[in-house]
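J.: Fold the following.
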Amino acid sequence: MEGTTIAIYLGLAIFALILVGWFFSTWNRLVRLEKDVDRAWANIDTLLQQRYDMIPNMVNIVKEYADHEKEIFGELTEARKTFAAASSSGDVSGVMAAESMLSQAMPKLLALSEAYPDLKANTNFLSLQDDYKEIEDSVTDQRQLYNSSATNFNTAIEIIPDSIVASFKGCKERVLYEADQAARGSVSIEF
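T.: Below you'll find the model as predicted:
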């Protein structure tokens, strides 16, 4: 009997060690996944900040040629304000709203170069336009990386038995970065 009791206690101890090892391994994996999502979001935030910082320079150049296009300037200013508020609080939905506003206004601003030949020839404007396109391409890549990281994290916290560890850790599902309905349609540019 004594040997059986020792075997049972030894078996329970080994099972407990395996369970504790699994718990810590899962916890650490969730931490890595969460940090990947945070890093991907920080990369998007940095690129968006660069882009929103570039807008006043573009607006100032365009104002020299098309000062009467105040509606576009107001839309861009509102998008910058919305982004600043959402970005500072880490509000993905708020940033998406700012992006929707920007996606409606920026094509109008960029299209002004067609209506104003002098603006179209302005090297500073052309340089900013090229920089804007590069940042836009980078933002698209980073959005995909963020959504991939967020999806991996969201999946990990829902899988059983990992969801048990996720609930102990207090993990919350991350919002995916999706285009607003208005941003999905074509932009109408009228002068």
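J.: Tell me which other helices or strands the longest helix anywhere in the chain touches.
T.: As assigned by DSSP state H, the longest helix anywhere in the chain is helix 2-66. Other helices and strands packing on helix 2-66, by 3 or more CB pairs under 8 Å, 6 or more residues apart in numbering; DSSP states H and E, are helix 70-89, helix 92-115, helix 117-120, helix 123-158, helix 162-169. Bear in mind the C-beta positions are built from the backbone N, C-alpha and C, glycine included.
J.: Point out the other helices and strands that the shortest one packs with.
T.: Secondary structure elements in contact with helix 117-120, counted by 3+ CB pairs under 8 Å, 6+ apart, are helix 2-66, helix 92-115.
J.: what angle do the last one and helix 123-158 make?
T.: Computed with axes from the mean of the first three to the mean of the last three CA atoms, to 10 degrees, the direction of helix 92-115 lies at 160 degrees from that of helix 123-158.
J.: Tally up the residues packed near residue 88, please.
T.: 10 (other CB atoms under 10 Å).
J.: and of the helices and strands packed on helix 2-66, who's closest to residue 64?
T.: Residue 64 sits nearest to helix 117-120 of all those, at 7.9 Å, using CB to CB.
J.: Could you check how far that closest one is from the centre of its chain?
T.: Put simply, helix 117-120 sits 34 Å off its chain's centre (CA atoms, centre = their mean, to the nearest Å).
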